[in-house]
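Trainee: Okay, structure incoming, though there's no sequence with it:
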Ligand SMILES: Cc1cc2nc3c(=O)[nH]c(=O)nc-3n(C[C@H](O)[C@H](O)[C@H](O)COP(=O)(O)O)c2cc1C
């Protein structure tokens with residue numbers, strides 16, 4: 001149609017808009033055919049379905065580990081908590097010896113995952129979907145382990161860091177003021193911490209306040225991420 005400019009988002013504005021979306025940080029890991037572990041840092045990770053339990057992670061086709069994730073039939077996701085941002089830096093560094101001197105654990109599904117992660121999910125690959133310069137990898141979650149309750153690692157405006165104070169005093173304060181906890185969750189759902197330990201979830205939930213400033217500590221030297229966000 002003449003006189004109508006087709007909508008095309010400015011790439012820099014798109015990146016900036018995505019950077020304004022706070023996201024959790026995970027390390028996705030998989031084995032190659034020789035059984036060697038590979039992994040990358042991802043914030044393009046989310047849950048897709050509750051029944052069956054499905055998650056997705058997006059991986060750049062340019063990633064060195066892409067061929068491994070393009071062929072594997074299983075992978076693991078280690079959700080980072082505050083204080084584990086150095087793992088994000090390591091797993092976002094091309095050519096790094098990512099598993100050297102790393103404290104790892106073997107999941108129930110036989111995958112290599114980070115020891116001490118906030119949560120660990122064992123996944124079977126349910127499907128792969130090309131999406132621009134990324135591949136969306138959908139995983140069927142087969143096993144979950146929860147770490148001790150802790151504030152999450154959050155990636156926001158190209159920095160990762162601790163977005164929440166310790167949740168416990170805040171919850172106590174909110175309870176004391178009789179403000180319903182669910183309204184706090186609605187404000188910053190990503191900051192909810194499900195209590196757990198020894199891999200067994202407990203009923204209690206804790207809520208954190210919204211962050212007052214973008215990110216505490218930068219993922220020092222972290223290369224710019226390639227996924228949306
Ligand atoms: C906080 C953070 C989040 C990232 N999220 C993603 C992501 O969701 N998908 C992706 O492909 N790369 C993401 N990256 C970049 C990759 O981790 C990085 O390019 C990595 O080195 C790719 O793996 P490779 O070393 O095998 O090439 C992210 C990096 C950082 C620091």
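Mentor: Cool, got the structure. Computed from a predicted structure; not experimentally measured.

Trainee: got the domain boundaries for this structure?
Mentor: The chain breaks down into these domains under automatic domain parsing: 11-163, 165-213.

Trainee: could you give the mean pLDDT of the first one?
Mentor: Averaged over domain 11-163, pLDDT sits at 96.

Trainee: what about it, near the ligand?
Mentor: Yes - Domain 11-163 lies within reach of the ligand by CB under 6 Å from any ligand atom, at 25, 40-44, 58-60, 63-65, 88, 91-94, 155, 160. Any C-beta I mention is one placed from the backbone N, CA and C, and that applies to glycine too.

Trainee: And the strands in the protein?
Mentor: 23-24, 26-31, 37-42, 45-49, 54-60, 74-79, 104-106, 112-114, 119-131, 134-146, 153-156, 159-162, 193-197, 200-206 (DSSP state E).

Trainee: Note down every partner strand of the fourth one and its orientation.
Mentor: On the basis of DSSP bridges, the sheet neighbours of strand 45-49 come out as strand 54-60 (antiparallel).

Trainee: Now do the strand it pairs with against strand 37-42, angle only.
Mentor: Orientation of strand 54-60 against strand 37-42 (axes from the mean of the first three to the mean of the last three CA atoms, to 10 degrees) gives an angle of 90 degrees.

Trainee: Other residues contacting strand 54-60?
Mentor: Here strand 54-60 makes contact (CB atoms under 8 Å, 6 or more residues apart in numbering) with 26, 28, 40, 42, 44-48, 65-66, 69, 75, 77, 121, 123, 126, 131, 133-141, 226-228.

Trainee: which parts of stretch 16-24 are buried?
Mentor: 18-19, 22-24 (16 or more other CB atoms under 10 Å).

Trainee: Pull the number of nearby residues for residue 50.
Mentor: For residue 50, the count of nearby residues is 7 (other CB atoms under 10 Å).

Trainee: can you list the buried residues of stretch 16-24 in CSV and add distance to residue 99?
Mentor: Output for those, formatted as CSV (distance: CB to CB, whole Å):
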residue, distance to residue 99
18, 29
19, 29
22, 28
23, 24
24, 22
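
Trainee: and of the residues you listed, the nearest to the ligand?
Mentor: Closest approach between the buried residues of stretch 16-24 and the ligand, by CB to the nearest ligand atom: residue 23, at 7.6 Å.

Trainee: nearest residue to that closest one other than its sequence neighbours?
Mentor: Spatially, and ignoring its direct neighbours in sequence, residue 23 is nearest to residue 43 (3.9 Å; CB to CB, 6 or more residues apart in numbering).

Trainee: surely the one you found meets residue 24?
Mentor: Yes - under the criterion of CB atoms under 8 Å, residue 43 makes contact with residue 24 at 6.8 Å.

Trainee: Could you tell me which residues touch both of those two?
Mentor: By the contact definition CB under 8 Å, 6+ apart, residue 43 and residue 24 are jointly contacted by residue 155.
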